[in-house]
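> I need the structure of the sequence given here:
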Amino acid sequence: MFPDASVFGVALVFPLQGPGGIFGPACELCAGLAAEEVNRAGGVLGRELRLIPVDGGAAPREVADQVEALVDSGAVQGVTGWHISSVRQALAPRIAHRVPYVYTALYEGGEDRAGVFLTSETPRDQLCPAMVLLAGERRVRRWFVVGNDYVWPRRTARAAHTYARGTGSRVIGEAYLPLGTHDFASVLRRIERSDADGVLMLLVGTDAVRFNRAFAAYGLDARCLRLSTLMDENMLLASGPSATSDLYSTAGFFTSLATADTLDFHGRYAHRFGLDAPSPGSLGESCYEGVLLLAALLRNAGTHDMTRIGATAPTVSYEGARGLLRLEGSHVRQRIYLARADGLDFDVLTELGPR
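Below is the predicted model of the structure:
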């Protein structure tokens with residue numbers, strides 16, 4: 001079967017299983033909304049943009065095999081979506097030199113492969129200013145890191161050591177747990193013994209939900225705050241209001257953020273999917289940004305030739321729920337905010353950057 005020449009296929013790689021599956025529905029809906037808007041505006045390169053879902057929650061090599069097969073067959077000419085860094089590291093060497101790959105997940109920084117473009121937050125702009133602010137306003141001096149055991153948490157923790165020293169603080173303990181962890185008892189005992197006054201959470205999806213519940217049940221929420229760079233409204237809702245006291249999150253988008261761009265996005269999202277649809281959150285909404293950036297890259301280049309896309313990328317801009325954004329190198333620069341959990345929602349406290 002030959003590919004449909006009237007369609008521009010895009011692999012949407014997002015989690016349908018595992019800890020990240022909690023925000024998979026929001027990823028799919030937000031990307032779908034963006035694709036509909038792109039198509040109403042004429043599509044890409046005169047063709048209809050059509051999303052092909054791929055389960056990014058599977059094993060990294062399995063995801064890479066599936067996406068590469070779609071590229072080989074000509075079924076897709078672009079890739080985007082939210083998936084963990086282990087998947088990106090398996091996927092990028094296989095396809096980034098062949099089709100544009102827009103990665104939307106917050107990550108550890110440092111990705112510089114040709115053909116990879118990133119809408120995501122990185123520790124320099126997301127974590128560093130949050131740690132500085134909490135050191136000053138909340139007098140956090142002793143951080144304990146709890147993360148899943150893969151590249152994003154470990155490299156982010158490495159950066160956190162540097163950021164902590166810059167504020168007169170220090171990281172006094174670290175624990176890395178497999179994806180899908182249910183039992184946090186030993187980690188909670190370590191946090192208690194460490195006398196930490198801040199916990200840096202680098203846990204994915206339902207792992208963070210279970211940790212929040214265990215943390216509160218153990219009584220640690222009364223003695224130290226939590227800071228996460230990966231905590232959206234769906235995870236907050238699943239944790240429950242009794243488990244999120246003194247929990248901070250930092251991101252480029254929050255559902256409660258009341259700017260003209262976010263309010264306009266929420267209106268379109270609710271009109272299309274209804275008031276009972278999953279909260280888009282920063283993680284799901286990132287897939288909206290990914291589709292828009294991919295369309296802008298192709299529109300700006302006027303072709304899907306990777307050399308031309310790379311050459312014209314520095315002049316690319318697009319407007320979405322996070323406002324008017326531009327590429328600097330291969331990364332989108334955006335405003336970053338700090339919020340504190342307030343029941344089942346986030347109270348956005350301040351804008352952190354970019355620096």
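
> can we go C-alpha only for contacts and neighbour counts from here?
Will do.

> Spatially, what comes nearest to R98 if we skip its sequence neighbours?
M306 (6.6 Å; CA to CA, 6 or more residues apart in numbering).

> dump the residue contacts of the spatially most central residue of the chain.
Most central in the chain under CA atoms, centre = their mean is A105, positioned 3.1 Å from the mean C-alpha point. When contacts are counted by CA atoms under 8 Å, 6 or more residues apart in numbering, A105 touches 81-84, 119-121, 283, 286.

> quick one: low-confidence parts of the protein?
Within the chain, the stretches with pLDDT under 70 are 1-3, 354-355.

> From the contact counts, what lies against the lengthiest helix in it?
Longest helix in the chain by number of residues (criterion: DSSP state H): helix 281-301. With contacts defined as 3 or more CA pairs under 8 Å, 6 or more residues apart in numbering; DSSP states H and E, helix 281-301 has these neighbours: helix 24-40, strand 78-81, strand 101-103, helix 306-312, strand 317-320.

> Out of these, flag the one nearest S249.
Distance to S249, taken as CA to CA, is lowest for helix 24-40 among the helices and strands packed on helix 281-301, at 18.4 Å.

> residues in contact with the closest one?
12, 14-16, 44, 48-51, 81-82, 269, 272-273, 278-281, 283-292, 295.

> Go again with 6 Å.
For helix 24-40, contacts defined as CA atoms under 6 Å, 6 or more residues apart in numbering pick out 15-16, 48, 278, 280, 284-285, 287-288.

> Could you do stretch 82-90 as well?
Residues contacting stretch 82-90 (CA under 6 Å, 6+ apart): 14, 56, 60, 104-105.

> again, only using 7 Å
Stretch 82-90 has contacts (CA atoms under 7 Å, 6 or more residues apart in numbering) with 13-15, 56, 60-61, 64, 103-105, 107, 151-152, 287.

> now swap in stretch 71-79 and tell me
By CA under 7 Å, 6+ apart, stretch 71-79 touches 3, 8-12, 70, 99-102.

> what do you get for stretch 244-252?
So stretch 244-252 is contacted by 126, 212, 221, 225-229, 231, 282, 334-341 (CA under 7 Å, 6+ apart).

> List buried residues within those.
126, 212, 221, 225-229, 231, 282, 334-341 (16 or more other CA atoms under 10 Å).

> Can you list which of those residues are found in strands?
The strands, defined by DSSP state E, take in 225-228, 336-341 from the buried ones among the contacts of stretch 244-252.

> related to what we said a few turns ago, going by neighbour count, which of the contacts of stretch 71-79 are buried?
Buried members of these, counted by 16+ other CA under 10 Å: 8-12, 70, 99-102.

> so which pair among these is furthest apart in space?
Greatest spacing in the buried ones among the contacts of stretch 71-79, by CA to CA: L70 and V102 (16.1 Å).
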